[in-house]
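S.K.: All I have is the shape, not the residue letters:
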């Protein structure tokens with residue numbers, strides 16, 4: 001007999017996770033949170049958001065640069081030969 005669990009979408013919306021940090025990371029996070037007057041969780045979430053945004057931007061820039069290089073191969077080759 002098979003059992004299937006049905007979990008509503010609302011359950012996944014706010015489900016947390018455990019993030020393990022080193023003692024050094026925890027202390028740095030604690031100091032930063034105190035300096036900003038925010039919780040450690042708020043600072044960690046901001047750091048995650050900033051990281052994701054930065055990486056997404058880097059990926060977009062790389063994709064555009066790859067397209068330009070592909071499109072301008074001839075010009076780049078001629079420049080390299082001069």
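M.R.: Sure, I can see it. From a predicted model like this one, the values you see are computed outputs, not experimental measurements. Numbers count the residues shown, from 1 in each chain.
S.K.: Now do the same for residue 32: its pLDDT.
M.R.: Looking at residue 32, its pLDDT is 98.
S.K.: list the contacts for it?
M.R.: residue 43 (C-beta atoms under 8 Å, 6 or more residues apart in numbering). Every C-beta, even on glycine, is put in place using the N, C-alpha and C of the backbone.
S.K.: now it: how far from residue 22?
M.R.: 15 Å (C-beta to C-beta, to the nearest Å).
S.K.: Over to residue 68?
M.R.: For residue 68 relative to residue 22 (C-beta to C-beta), the value is 41 Å.
S.K.: Looking at these two now, which is surrounded by more residues?
M.R.: Taking other C-beta atoms under 10 Å, residue 68 and residue 22 do not tie; residue 68 has more neighbours (11 against 8).
S.K.: in the chain, what spans have low per-residue confidence?
M.R.: Applying pLDDT under 70 to the chain flags the ranges 1-14.
S.K.: Would you map the helices across it?
M.R.: Listed in chain order, the helices found in the chain under DSSP state H are 9-13, 23-36, 40-71, 73-81.
S.K.: number of nearby residues for residue 38?
M.R.: 14.
S.K.: got it, and the one 10 residues further on?
M.R.: Using other C-beta under 10 Å, residue 48 is surrounded by 11 other residues.
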